[in-house]
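K.L.:
Fold the following for me, if possible:
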Amino acid sequence: MEAEKDAFDTGWFTGLIDGEGFIHIRYRSDRGTMYPRLGIYGTSKTIIDEVARIMEVNAYPRGDHGKQVGWYASVSHRKGLMVRRRVAPYLADSSKKCRAKKIPDTFGQVGTVHGRLGTPEFFRDCPPPTPIRSPRRIISPNLPTLNQRGGEARSSRRAHNPQTGDRVKTRTVVQTVSGKPDA
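P.N.:
Alright, predicted model coming up:
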C-alpha cells in the first residue's frame, strides 16, 4: 500500500512541477557558487502544503510588495538533487525535462559548485520555458453548453450601468479553440 501511495505522490507531484513548477540554477555572487533549485508557487495553501510534505520541506507565504499573494515550497542543493531524481523520468515539458537532465552533469551528487552561470546561461542548450500566459477569464458554471455550430457558449443577462443608472443587457461569448464566433 505504501508503494502505491509513493507512486501516486510522485505522479501527482511531477504533474504539478511539469505544469506549474520551476527548475533553475541560482547563482550566489557573494560566494561565487551556484546550486540547483526546484519548486512550485500557488494560491492554494492545501496544495502547496502537500507539495511541501512530499519534498520534506516547509511551505512559505509568497509576498508581492508587502501583500501575500500565495504560497511556495522549494528545495535546493542536495535535497533539490534528490527531488530532481524522483521526478526527472516522468517530466513531459521539454524545457523542464532538458533542465532536469542537465543538472547532474554539472552537480553530480554535490549540491553546490563554484561557478558564475545564471539560469539562462546554464540552460542555453535547453528549449525555452513555456511563455508566461496572461490570466484567462473564469467561465461561469451558469453558461449554457457549447453549441453545435460555432464551438462557443453564449449567455445574456441584465446588468446595472453605474454611469447612467440604467439596466443594460450584456452578452458573454466564450469561444473554444475549434470555432469562430458566429454573429
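
K.L.:
Would you map the helices across this protein?
P.N.:
2-20, 45-55, 77-87, 94-107, 119-122 (DSSP state H).

K.L.:
Buried residues, the longest one. List them.
P.N.:
Okay, so that is helix 2-20. 13-14, 16-18 (16 or more other Cβ atoms under 10 Å). Bear in mind the C-beta positions are built from the backbone N, C-alpha and C, glycine included.

K.L.:
Same question for the fourth one.
P.N.:
Neighbour-count burial for helix 94-107, counted by 16+ other Cβ under 10 Å, picks out 96-100, 102-103, 107.

K.L.:
Can you list the helices and strands that it packs against?
P.N.:
Helices and strands touching helix 94-107, by 3 or more Cβ pairs under 8 Å, 6 or more residues apart in numbering; DSSP states H and E, are strand 21-28, strand 33-42, helix 77-87.

K.L.:
could you dump these to JSON lines with distance to His65 and mean neighbour count?
P.N.:
Converted to JSON lines, those look like this (distance: least, Cβ to Cβ, whole Å; neighbours: other Cβ atoms under 10 Å):
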{"stretch": "strand 21-28", "distance to His65": "21", "mean neighbour count": "19"}
{"stretch": "strand 33-42", "distance to His65": "16", "mean neighbour count": "21"}
{"stretch": "helix 77-87", "distance to His65": "28", "mean neighbour count": "18"}
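
K.L.:
Adding mean pLDDT and distance to Cys126, write these out as a markdown table.
P.N.:
As requested, the helices and strands packed on helix 94-107 are arranged in a markdown table below (pLDDT from 0 to 100; distance: least, Cβ to Cβ, whole Å):
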| stretch | mean pLDDT | distance to Cys126 |
| --- | --- | --- |
| strand 21-28 | 90 | 10 |
| strand 33-42 | 92 | 13 |
| helix 77-87 | 91 | 14 |
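
K.L.:
pLDDT below threshold where in the protein?
P.N.:
Where the chain drops to pLDDT under 70, the residues are 131-183.

K.L.:
which non-adjacent residue is nearest the most centrally placed residue in it?
P.N.:
Residue closest to the mean C-alpha point of the chain, counted by Cα atoms, centre = their mean, is Glu20 at 1.2 Å. Using Cβ to Cβ, 6 or more residues apart in numbering and skipping residues adjacent in sequence, the residue nearest Glu20 is Ile40, 5.6 Å away.
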